[in-house]
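Colleague: Return atomic coordinates for the entry below.
(4 chains)
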2 protein chains.
Amino acid sequence: MATQNPARPRRRGHDPESVLSIAVSVFNERGYDGTSMEDLARALGVTKSAIYYHVPGKEQLLARALDRALDGLFAMVTDPRAAAGPAIDRLEFVVRQSVRILVDRLPYVTLLLRVRGNSATEQAALERRREFDRFIAHLVKQAAAEGSIRADVDPALVTRLLFGAVNSITEWYHPSRGATADDLANTLLTITLDGLRTPTP
Amino acid sequence: MATQNPARPRRRGHDPESVLSIAVSVFNERGYDGTSMEDLARALGVTKSAIYYHVPGKEQLLARALDRALDGLFAMVTDPRAAAGPAIDRLEFVVRQSVRILVDRLPYVTLLLRVRGNSATEQAALERRREFDRFIAHLVKQAAAEGSIRADVDPALVTRLLFGAVNSITEWYHPSRGATADDLANTLLTITLDGLRTPTP
DNA sequence: GTGTTTACCGAACATTCGGTCAGTTGACAA
DNA sequence: TTGTCAACTGACCGAATGTTCGGTAAACAC
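Modeller: Now for the predicted structure:
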């Protein structure tokens, strides 16, 4: 025994991880329903049936991808920095963290944000996502109650628009060229907290 | 002749317009690729083949829906109020108008924003949309050049985030209950131009 | 009444879908 | 050299897909 490296180099071929990674990128290009197993096989450089050696099926690929996005988001919710202190500070932390997770797990979160509930898998993901959204909405409401954000706007509406901007990152962000997650978060928080307008003298 | 009302009551059955309207709402529920002609038929209360009496096919339904969204957006671009005056005022007009069109033509714009370019129809729509996006980006850049918006943020990034918030409306807005298009635009412009934060004394 | 048009149905079409399975390949251990 | 086994192929399945087509019932025109 012990002739084999525990993290063996996998000389050739795929594993469940590489299949998932490539599958998710194709899902994001063509949409989940618009992607056939044949499309995935082509992207992987194998035949359709080879995919079933690594993963149980198409819907399991989706389920694993969505979990990867949701686990990241919920890890942040349970962070102590999201639970104590002034609501406005916790909100800023959550926004910053959301942007980071969104960028770190871009393909997975992108897929999550496009889910419409067509199957039990998608509905379960949608429900977890709604739970996350409720958490954010509660935070904004608290910040309003504490007087940290202006009183002439509806907190529920603010939540939607704020995270509309955050989530839009999946629609246009390309990690290769351009800003870092921190750049994005800084710009986003500057705009939404302090406003774009320059003071008119 | 003249025995027929020019706006005849259409005693029974569908017409291309009602088919499009219902089809788009189903497309938005399940996604275009996730919607079968059988799904549409069920929603229309007819058989699959009846649909082909009114419209040439599934992709034509998509094309007509996308045009309806894009025509609205481009009508605004050619409005004189979007072409003259301080860039910051024109930007505010365009944001306000975008929200209005988005709400007025909610299902059509929703469909447009989910297009990924899977067919020639989708690619053509994407190209028209990109043209619209370039117009907005140019406006923000001008507002920055005129010193009307803060200089410490990247105008391109501002454009993405601003219209990320605008476009997110399709993800959560329900016209029945809740705010009007003007409410949405007011809140959105208040946040992004003046900021959420209350001044700390 | 008769003929025409409108709006539809039911059956079938070729194709594509996700998925299965018996068998093959090639790297490795002994 | 032989045997093992992970990784894969190719042929195939039943179901679902978008679309076509011959027929038809009801409303209309005359």
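
Colleague: Where is the longest helix in chain A?
Modeller: The longest helix of chain A (DSSP state H) is helix A:120-145.

Colleague: tell me the mean pLDDT for that one?
Modeller: The pLDDT scores in helix A:120-145 average 98.

Colleague: Any residue of that helix touching DNA strand C?
Modeller: No. Helix A:120-145 is not in contact with DNA strand C by Cβ under 7 Å from any atom of the strand; minimum separation 10.8 Å. Placement of C-beta: from N, CA and C, glycine included.

Colleague: Quick one: name whatever helix or strand follows that helix.
Modeller: Following helix A:120-145 in sequence order, the next helix or strand is helix A:155-172 (DSSP states H and E).

Colleague: hey, C-alpha coordinates of stretch A:169-187 in CSV?
Modeller: What follows is stretch A:169-187, C-alpha atoms only, in CSV (Å, rounded to 0.1, in the frame of the first residue of the first chain):
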residue,chain,number,x,y,z
ILE,A,169,-22.5,41.9,-11.2
THR,A,170,-23.1,38.4,-12.5
GLU,A,171,-24.4,39.9,-15.8
TRP,A,172,-21.3,41.8,-16.8
TYR,A,173,-18.3,41.1,-14.6
HIS,A,174,-15.3,39.4,-16.1
PRO,A,175,-12.6,38.6,-13.5
SER,A,176,-9.8,38.7,-16.1
ARG,A,177,-9.8,42.3,-17.0
GLY,A,178,-11.2,45.0,-14.8
ALA,A,179,-11.9,45.6,-11.1
THR,A,180,-11.4,43.4,-8.1
ALA,A,181,-14.2,42.4,-5.8
ASP,A,182,-13.1,45.2,-3.4
ASP,A,183,-13.2,47.8,-6.2
LEU,A,184,-16.7,46.7,-7.0
ALA,A,185,-17.9,46.8,-3.4
ASN,A,186,-16.3,50.2,-2.8
THR,A,187,-17.9,51.8,-5.8
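
Colleague: Centre of the chain to stretch A:126-144, how far?
Modeller: 15 Å (Cα atoms, centre = their mean, to the nearest Å).

Colleague: Pull the contacting residues for the residue nearest the centre of chain A.
Modeller: Residue closest to the average C-alpha location in chain A (Cα atoms, centre = their mean): residue A:109, at 2.6 Å. The neighbours of residue A:109, taking Cβ atoms under 8 Å, 6 or more residues apart in numbering or on different chains as the test, are A:69, A:72, A:73, A:101, A:102, A:170.

Colleague: for residue A:144, same thing?
Modeller: A:151, A:155, A:158.

Colleague: I figured residue A:111 hits residue A:32, correct?
Modeller: Yes. Between residue A:111 and residue A:32 there is a contact at 7.1 Å, judged by Cβ atoms under 8 Å.

Colleague: what touches both of the two?
Modeller: By Cβ under 8 Å, 6+ apart, the residues touching both residue A:111 and residue A:32 are residue A:62.

Colleague: By neighbour count, which of the contacts of residue A:144 wins?
Modeller: When neighbours are counted by other Cβ atoms under 10 Å in any protein chain shown, residue A:158 leads those with 24 neighbours.
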